[in-house]
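[1] attaching a predicted model along with its sequence, questions to come.
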Amino acid sequence: MMLPEDMMLPEDLVFQILLWLPIPSVGISFISPSGSDVPPSPLFHNPLDYGLNVIASCNGLICAETNCFTHILVFNPATKQLQYLPELPFPDYDLSRSSTPIIVGFGFDFKTNDYKVVRALQQQEYNEPICNVIQTVVEVYNFSTDSWRTVVDAIIPVFLYHHNHDRCCINTPFQNGSIFCWLGYLHTPEEIGTILLFDFSKEIFETMLLPDRYRVPSNFTLTLALLRENIACIECEDLDLWGKYISYIWVLNEYGVKDSWTKLYTVQLEPYTKPIGVFMNGELICEERDDIRQTSKLSLCNPVSQEFRSLPFEGPIWFNVAVYKESLVSIK
């Protein structure tokens, strides 16, 4: 989904950010504008005609995609290396009779010492109250071969949200980059919320249940994040019509064990402020929206003391965040 132009950062600012990201660890990423008139740069020698979404940061590499899901690139802000992945067209399907959520992930395969990108499409057809999956296509890109291939007989054991569903994935792969995960759900009468995981070594999808309180649809929004290397689920619930929210932070203490979910924090949020991620030190990254000015500000919230401190950033009303840590990893 393309964003209105008045919700975008200026193009020259976006690409200067990419070129001159500071070497120390930072925690903010961006959504870029159209890219049709990108300022000349040895890093961006082949401008794209679409907006840019950050997928993930892994071992100092940042993976991003265009809003049309067909162009994907990876770059290292420290070394200013960039690599465009081969264009990946969509398979044929009938949009008039179905919807097709798309997910993209980025991570590292320790068995082959190779970085990989996965793109999955799930063609869904609704005949209320039944939802059927008509087609599933999973493709994996290997940096070692610079090529895409289809994962034969791939199974996605849950129903996917559309890719632009708010905060539907963790933008940092965990277990040293080997696992990437998204929000999904089981199409049952209870509409049970789940986490969908992709293992880059096994190249299979697995699932893990969320706390029992999470059903689809619901009156609150969920955000997946990493909190000190543990999967965290951040719930944000409206308290009233005046922009007041409360947030509950759940942490999975033991990977794969549903009963190990623990509600760690309850945070009373500032008006019109919602958490959108977690910083490396465990503070919540919060977005304060100004719907009138169509802008957003960022702040950090200590979930223990519940103290907020503003960050020197103001941008569009919609963006995502990913934690980045400098490395000299080569992508060539």
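    Structure received. Numbers count the residues shown, from 1 in each chain.

[2] enumerate every residue touching Ile246.
    Each residue near Ile246 by C-beta atoms under 8 Å, 6 or more residues apart in numbering is listed here: Cys236, Glu237, Leu239, Thr266, Val267, Gln268, Leu269. Quick note: C-beta positions are derived from backbone N, CA and C, even for glycine.

[3] the nearest residue to the fourth one once chain neighbours are set aside: neighbour count?
    It stands for Thr266. Nearest non-adjacent residue to Thr266, counting by C-beta to C-beta, 6 or more residues apart in numbering: Tyr248, 5.6 Å away. For Tyr248, the neighbour count with other C-beta atoms under 10 Å is 17.

[4] how about the strand or helix carrying Tyr248: buried residues?
    In the assignment (DSSP states H and E), Tyr248 maps to strand 245-252. Going by neighbour count (16 or more other C-beta atoms under 10 Å), the buried part of strand 245-252 is Tyr245, Ser247, Tyr248, Ile249, Trp250, Val251, Leu252.

[5] same deal with stretch 72-84?
    Ile72, Leu73, Val74, Phe75, Asn76, Pro77, Ala78, Thr79, Gln81, Leu82, Gln83.

[6] how near is the second one to Ile55?
    When C-beta to C-beta, to the nearest Å is the yardstick, Leu73 and Ile55 sit 10 Å from each other.

[7] just the buried residues of stretch 72-84: which are in strands?
    The strands, defined by DSSP state E, take in Ile72, Leu73, Val74, Phe75, Asn76, Gln81, Leu82, Gln83 from the buried residues of stretch 72-84.

[8] any chance of those in a markdown table, plus pLDDT and distance to Gly60?
    Listed next are those as a markdown table, based on pLDDT from 0 to 100; distance: C-beta to C-beta, whole Å:
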| residue | pLDDT | distance to Gly60 |
| --- | --- | --- |
| Ile72 | 90 | 18 |
| Leu73 | 90 | 15 |
| Val74 | 93 | 11 |
| Phe75 | 90 | 10 |
| Asn76 | 91 | 6 |
| Gln81 | 90 | 11 |
| Leu82 | 90 | 13 |
| Gln83 | 90 | 14 |
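
[9] and the residues you listed, which is closest to Lys297?
    Phe75 (26.7 Å; C-beta to C-beta).

[10] so how far is Val140 from that closest one?
    For Phe75 relative to Val140 (C-beta to C-beta), the value is 20 Å.

[11] for the residue nearest to Ser330 when sequence neighbours are not counted, which residues make a bridge with it?
    Counting by C-beta to C-beta, 6+ apart, Ser330 lies nearest to Gln81, which is 6.5 Å off, once chain neighbours are set aside. Using DSSP bridges, the bridge partners assigned to Gln81 are Asn76.

[12] ok, Gln81 touching Phe143?
    No: if you go by C-beta atoms under 8 Å, Gln81 and Phe143 don't touch, sitting 11.8 Å apart.

[13] who touches both of the two?
    Between them, Gln81 and Phe143 share the contacting residues Ile331, judged by C-beta under 8 Å, 6+ apart.

[14] only alpha carbons, please: show the host helix or strand of Phe108 as PDB.
    According to DSSP H and E, Phe108 maps onto strand 102-109. Output of strand 102-109 as PDB, limited to C-alpha atoms (Å, rounded to 0.1, in the frame of the first residue of the first chain):
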ATOM      1  CA  ILE A 102       2.700 -11.300   1.600                       C
ATOM      2  CA  ILE A 103       5.400 -11.600   4.200                       C
ATOM      3  CA  VAL A 104       9.200 -11.100   3.800                       C
ATOM      4  CA  GLY A 105      11.900 -12.000   6.300                       C
ATOM      5  CA  PHE A 106      15.700 -11.700   6.400                       C
ATOM      6  CA  GLY A 107      18.200 -13.800   8.400                       C
ATOM      7  CA  PHE A 108      21.300 -16.000   8.600                       C
ATOM      8  CA  ASP A 109      21.800 -19.800   8.000                       C
END
